[in-house]
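In: Sequence first, predicted model second:
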Amino acid sequence: SNVDDTSPLTISAASSLTDVLSEIADEYERENNESIEINFSSSGKIAQQIIRGAPVDVFLSADQRWMNKIEEQNLILKNSRHNIVGNQLVLIVPKHNRSNVHVEDLKFKDGKIAIGDPDSVPAGTYTQQALKKIQLWEEMHGRTVFTSNVRQVLAYVESENVHYGFIYASDAKISDRVRIAEYIDKDLHKPIVYPAAVIDNKKNQKRAEKFLTYLQSERAQQIFHKYGFQEVINTR
Amino acid sequence: MMHSPFWLSLKISTIATLIVFILGIILARIISRKIFPGKSLIESILLLPLVLPPTVIGFGLLYIFGQKGWIGSLLMDWFGIRIVFSWIGAVLAAIVVSFPLMYQSATAAFSNYDQNIENAALTMGASKVKVFFTISLPLAWPGLLAGLVLTFARALGEFGATLMIAGYIPGVTETLPLAIYFAVESGHMKEAKIWVLVLLILGLSSILWLNWWTRRNMLTTSKE
Amino acid sequence: MMHSPFWLSLKISTIATLIVFILGIILARIISRKIFPGKSLIESILLLPLVLPPTVIGFGLLYIFGQKGWIGSLLMDWFGIRIVFSWIGAVLAAIVVSFPLMYQSATAAFSNYDQNIENAALTMGASKVKVFFTISLPLAWPGLLAGLVLTFARALGEFGATLMIAGYIPGVTETLPLAIYFAVESGHMKEAKIWVLVLLILGLSSILWLNWWTRRNMLTTSKE
Amino acid sequence: MLKANFSKQLDRFPLNVNINLGNEIAVLSGPSGSGKTTTLNCIAGLQHPDDGFIQLGGNVLFKGKQKPAPVQNRKVGYVFQNYALFPHMTVKKNIEYGAKDASLTSQLIDAVGIDHLMNKYPAQISGGEKQRVALARALATQPNLLLLDEPFSSLDHQTKVQCQQELVRLHKLWKIPILLVTHDRHEAESLGHRILHIEKGVLKEDK
Amino acid sequence: MLKANFSKQLDRFPLNVNINLGNEIAVLSGPSGSGKTTTLNCIAGLQHPDDGFIQLGGNVLFKGKQKPAPVQNRKVGYVFQNYALFPHMTVKKNIEYGAKDASLTSQLIDAVGIDHLMNKYPAQISGGEKQRVALARALATQPNLLLLDEPFSSLDHQTKVQCQQELVRLHKLWKIPILLVTHDRHEAESLGHRILHIEKGVLKEDK
Ligand SMILES: Nc1ncnc2c1ncn2[C@@H]1O[C@H](COP(=O)(O)OP(=O)(O)OP(=O)(O)O)[C@@H](O)[C@H]1O
Ligand SMILES: Nc1ncnc2c1ncn2[C@@H]1O[C@H](COP(=O)(O)OP(=O)(O)OP(=O)(O)O)[C@@H](O)[C@H]1O
Ligand code: MOO
Ligand SMILES: [Mg+2]
Ligand SMILES: [Mg+2]
C-alpha cells in the first residue's frame, strides 16, 4: 500500500546542502503547493536515523557509502536512487596568501593541512584518494589535522591556524576569508556525487519521487550551480 | 513566531528543567537518605550521562526512542507520540543531559542541613509531606537553586543529542544552538552572531530571573 | 600506550579538574562572601559557558587562543606554548566547559553552613588561611565534592570544543569522546562500542574513587 | 498517662527507664551525659529503645519488635535542648507551624514575652529569646504529653518565673503528663509533683 | 586589663557599655535580650560597636572609625552561648585546635571530666558535654581575656562546681580579666569579684 497523505514531505539531507536545498525547496513548495520539512545533519547521522526508523521520505547523501548502507538494508524504494549533483575538490588558503600554491608543492612548503576525517567526511575521503595518487599522503603525515566536517576546515584556514585546507568548491563559497588556490584534478579521485533516494516508508512515495525528479530538473540544477555545485553526467 | 528558535528553545528548556527539577529532587531525596549496598554505584551511574558526549547519548536515545526502538514503538502505538524529529525529542535530550547536574546538586543539598529540624517539625504533628515542603525543601534551597540554574543553562545549550534525536528541521526542531550551528556551518556569520547574542541574553536573563525570583519567594534564611 | 585515548582522556580531565576545582573554590569563596552591586550579573556571566554549545565555545577559543588570536600569539611568542592542535587545547576546552559546574556548586557550598563556626576558630587565634583550610573547606565539602565530581565527569565527556581547538589528530589529541565520535561517524560501530565502554568504566570508577577517597580522608561529619 | 518501661544500650552504659506518669509534672535531673535527652528522644520517637514499651493514654508508641508509632502521630510536645527552631521561618511562623488555636498562641506569645520578636528570624534573636520561642512553639501544639529539656536554662530569674507560671497554668488546664529536665534544684522542688533522678542510665524516683 | 567604653544601636534600644576590668572575674547578668551576648561579641570582634573604644592591656582592639583589630589577633578566649563546636572534628581535635600547651590541655580535659569523649564528634555527645568541651577549648588557648556566655547553664550541680573550681584555679594562675555571663545568682555571688548588671542595653555595676 502506498498512502500519500497531507503530512509534510520530510527530506533528510547532508548539511553541506543546507542553503541550496532550502532555496530549491522553497521554490518547489511555491510551485507545487507542497509542504516540505528538511532535516539537515551529517550523512552518517542521517543514515543512522533512517535505520532507526526516523520518518524520512527522501535522503540526500553527500557520498555513496551511506546510501549504499541504506540500500543494503532494503530501506530505499527500488530504482529511486539517482545521483543528483556533483562537486569538485579545491585547495584553499587564507585570503591574503597571494602566492601561487599547487597541491604538488605542499611537500616543499611548511604549514599544517586541514582535511575532513577520511573515514567519516566525504570530502576527506576524496582528498585522501587524491593525495595518495600523487604520492603525497604519507609525506603529509604529522602535518594533517582531521576535522569532523568541512566547516571546521574553513574555520582553521580562516583563522590561519592551518595554512591549507581541502574542501569542496561549493563550501569555499561560504567564506570570504579564504581563497581557492587550485581546483583539484577530478581524475585523482572517484567522482564526487550526491546520491538521493526515496525511503521506503510506505508513505508519501509519489510525492517523494516527484520531488526527486524536480531535483534533476533544469531549474533545480541552475540553483545548484549558483551555489557552486556541478552537474553529474552519469545519474545512476 | 512561536516556532522561532528563541521561543522553541525557551519552551523546550523550561519543560525539560521542570521535569528534571522535580525528578532530581525526588530521586535525590529518596536515595540520599537511604543506606543500602550499591548506593554509591547507583549514584555514580546516575551521573554517567555527563561523561558521554551528547552525540553518543543522542545515538542511544535514537535506539531506544526511535520508531523501531522498544520505548519509541510503544509510545507510537499506544499514544501516537513521535519522539524522533519532534520537539518532544529535544525535550528528552535536554532532560537526559541535564539530569546529572540536578541530581548531584540536590544530593549535596539534602545532606547539608541539620536534620534535627525536620524531627522538630514531626513532633509538632506535621506529616512527612508537609515536612518535606515546609522544612526540607527550603533548607536545601541554596543547593537546589544551584542545580536548577545549572539544569536550565545546560538544557538551553544542548546541541549534540538534540541534533541526533530531534534532527535539525528548520521551523520545527530548530533550537537556538542548532540555529547557531547551522548558521555557522553555512557561513552565515552575522546570523550566527545574532543567535549567539540571543542565546546569551536568554541564558543570562533567565538565570538572573531565577535568582531574583527565588530570593524573593523562598527565603531570608540567615543561618543559625 | 600513554597516547591512547584512554590515558589521554584521563590526563586531560585530571589536569582540567584540578585547575577548575581550585579556581572555582577561590572565585566562589571570594565572590560569595562579598556583597557588591552587579554581583548577580557577574555570577550569571560565569555560568554562560554552560549555555553555549561546546562547538561555539570551541570557535571562540580558536579565535582567541589560535596562532593569530591575541592570547594565542602571546603565549606562542613568550612561552612557546601552542594551544591549538595540542592536548593543552583540550585541557583549555575542558576547563571552560566545566568551570560553571564547579563555580555554582562551590557557591552553594560556601553559603550553606553556620558561619559562626569560622568565628569560633578565629577567636582561637587561627589565621584566615588556617580557618579556610581547617573549617570552611571541610564544612563546605559535600557541595565541593558534588562540584568536583560534576567537573571531572564533564571534562571527561567534553567533545565539541575540544574537537575545534585541539583538532582531531590521532595519537595526539584523540580523547575518548573524539575516538567514539569518529568511530561512529565512519560506521565502525564495534570500535565505537568498545570506546564507549572504556569511557563509561573510566567515568564510573573515577567517580566511585573520588567519593570513596574523600569520604575516607575528609570527614565523618555527622551534622550537629 | 505515660507508661514507659524500656532499655537501650548507650555507649558506656545501658539506659533503663521505668516511668509511670499520671497527669502530673515530673522533674528529671541527673549528671551531664546520664541519659536524660536520650530518654526524652525515645518517648518522642526520635530514637528507639532496644526493647520494652512506651504507652501514652491508650496509644502504644513503642512495643518490642513492633513498628514504632511515627513521630508525627505521637502528639508529644518537645522543647529541644538546642531549641531546633526553623531557621528559615520568622518567630511567628515557627510558633504557628503546629499551632492549633490562634487565641492560645497569641496568649502564649504574651506570657513568655516575645511579642516584639514576631517578625525576626531565629538567627536574629538572643539565646534566651530562642528558648522562649521553642517553649511557645511546643505549647502551641496542645500536645498530650510535654517533654521539656532544660527549657528555662538560659533565662534570667524574672523571665524564668513568668514562663514557669505559664507552664503551671496550662498544666492545670490541660491535665497532661509533663516531663521536665532541669539541673536547678529550686526549680525542681517548686515545679515538680514528682522528682526523678537518673544516674548512668539508671532512673530512680527521689522520695 | 580590659577597658571598654562603646555604644551600639540595637534593634529596640542602644547598647551602652562602660567597663573597666582589672585581672578579676566580673559577672554580667541581666534579662534575656538585654545585650549581654552582643557586648561579648563586640569585645571579641565578631560584631563592631558604632563608636567608642575597646582596649586590652596595651592593645587597642577597637577605636572609633579606625579599622578594628582582627579577631584572630585579639587573644580573647570565648565560650559561645551555643558552643559553636567544630562539627567535623572530634572532641580532641576541637580542643587541640587552638591549644598552646599539651599538658595544660590534658589537665583541662580531666578537670571538666570529658576524657572519655575524646574520639566523639560534637553530634554524638550530650548538651552538657558539649558545653564542657567548649569551655576546655577556650581555656586551652591561654587567652589574655576570657569571655564566658553562660558556660555552666547545662551542667548538673556537681559538674558545675568542678568546672567553676577549675576556672578559679586558672584565674589565680593566669591573672587575666574574665567576663562571665550568668543568670544564676548563687554562681554570680560565689565567683564574681564584681557583679555587673545590664538592662535594656544599659550596663551598671551592682554595688
Ligand atoms: N543577629 C541579630 N540581629 C538582630 N538583632 C539581634 C541579633 N542578635 C540579637 N539581637 C537582638 O539584640 C538584643 C540583644 O541580644 P543579645 O543576644 O545581646 O541578648 P542577651 O543579653 O545575650 O540575651 P540572652 O540572655 O537571651 O542570651 C536582643 O533584643 C536581640 O533580639
Ligand atoms: N548521637 C549520639 N551518638 C552516640 N552517643 C551519644 C549521642 N548522643 C548522646 N550520646 C551519649 O549518650 C549518653 C547520654 O546522652 P544524653 O544526651 O541522653 O545525656 P543527658 O543526660 O541529656 O546529658 P546533658 O545533661 O549533658 O544534656 C552520653 O554519654 C552521651 O555521650
Ligand atoms: O555534512 Mo556532510 O555528510 O560531511 O556533507
Ligand atoms: Mg541533654
Ligand atoms: Mg545571649
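Out: Nice, I can see it. Ligands and ions are numbered 1, 2, ... in the order given.

In: which residues of chain A score low on pLDDT?
Out: When residues are selected by pLDDT under 70, those of chain A lie in A:1-5, A:234-236.

In: And the residue in chain D that ligand 3 sits nearest to, how close does it get to residue B:134?
Out: Nearest residue of chain D to ligand 3: residue D:88, at 53.2 Å (C-beta to the nearest ligand atom). For the C-beta atoms, the positions are set from N, CA and C on the backbone; glycine is no exception. As judged by C-beta to C-beta, to the nearest Å, residue D:88 and residue B:134 stand 9 Å apart.

In: Which one's more surrounded, these two?
Out: Comparing residue D:88 with residue B:134 by other C-beta atoms under 10 Å in any protein chain shown, the one with more neighbours is residue D:88, at 25 against 18.

In: Surely the more buried one touches residue B:139?
Out: Yes: the pair residue D:88 / residue B:139 is scored as a contact, 6.3 Å apart, by C-beta atoms under 8 Å.

In: Where does residue A:146 sit, in terms of helix or strand?
Out: Per DSSP states H and E, residue A:146 falls inside strand A:144-147.

In: What of residue A:195?
Out: Element membership of residue A:195 [criterion: DSSP H and E] is strand A:193-198.

In: so how far is that strand from its chain's centroid?
Out: With C-alpha atoms, centre = their mean, to the nearest Å as the basis, strand A:193-198 stands 10 Å off its chain's centre.

In: Flag every buried residue along that strand.
Out: A:193, A:194, A:195, A:196, A:197, A:198 (16 or more other C-beta atoms under 10 Å in any protein chain shown).

In: follow-up on the earlier one: and what about the residue of chain D closest to ligand 3, helix, strand or coil?
Out: Recorded secondary structure, residue D:88: coil (DSSP: H, G, I helix; E, B strand; the rest coil).

In: ok, so what distance separates it from chain B?
Out: The spacing between residue D:88 and chain B, counted by C-beta to the nearest C-beta, to the nearest Å, is 4 Å.

In: rewinding a little: what lies in contact with the strand holding residue A:146?
Out: Residues from elsewhere that reach strand A:144-147 (C-beta atoms under 8 Å, 6 or more residues apart in numbering or on different chains): A:112-118, A:121, A:124, A:153, A:156, A:162, C:85, C:163, C:167-170, C:182.

In: next one: stretch A:58-75
Out: Outside stretch A:58-75, the residues that touch it by C-beta under 8 Å, 6+ apart are A:9-14, A:16-17, A:21, A:42-44, A:46-47, A:50-51, A:76, A:81, A:84, A:122, A:125, A:192-200, A:208, A:211-212, A:215, C:187.

In: Give me the buried entries from the contacts of strand A:144-147.
Out: For these, buried by 16+ other C-beta under 10 Å: A:112-118, A:121, A:124, A:153, A:156, A:162, C:85, C:163, C:167-169, C:182.

In: what about stretch B:149-169, start to end distance?
Out: End-to-end distance for stretch B:149-169, by C-alpha to C-alpha, to the nearest Å: 28 Å.

In: So which of the buried ones among the contacts of strand A:144-147 belong to strands?
Out: Per DSSP state E, strands hold the following members of those: A:113, A:114, A:115, A:116.

In: could these go into a markdown table alongside distance to ligand 5?
Out: A markdown table is the format used below for these (distance: C-beta to the ion, whole Å):
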| residue | distance to ligand 5 |
| --- | --- |
| A:113 | 76 |
| A:114 | 71 |
| A:115 | 75 |
| A:116 | 73 |
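
In: Return the member of those nearest to ligand 3.
Out: Ligand 3 lies nearest to residue A:116 out of those, by C-beta to the nearest ligand atom, at 6.6 Å.

In: What residues sit buried inside the lowest-mean-pLDDT helix or strand in chain D?
Out: For chain D, using mean pLDDT, DSSP states H and E, the weakest element among its helices and strands is strand D:202-206, scoring a mean of 82. The neighbour-count check on strand D:202-206 (16+ other C-beta under 10 Å) flags D:202, D:203 as buried.

In: Show me what it packs onto, helices and strands only.
Out: strand D:14-21, strand D:194-199 (3 or more C-beta pairs under 8 Å, 6 or more residues apart in numbering or on different chains; DSSP states H and E).

In: The closest residue to residue A:20 other than its chain neighbours - how many residues pack around it?
Out: For residue A:20, ignoring the flanking residues on the chain, the nearest one in space by C-beta to C-beta, 6 or more residues apart in numbering or on different chains is residue A:227 at 4.0 Å. By other C-beta under 10 Å, the residues close to residue A:227 number 20.

In: Now residue A:227: phi and psi?
Out: phi -90, psi 10 (degrees, to the nearest 10).

In: List the residues that contact it.
Out: Contacts for residue A:227 (C-beta under 8 Å, 6+ apart) come out as A:19, A:20, A:23, A:170, A:173.

In: Show me which of those residues is closest to ligand 2.
Out: So of the contacts of residue A:227, ranked by how close each gets to ligand 2 (C-beta to the nearest ligand atom), first place is residue A:19, at 69.4 Å.
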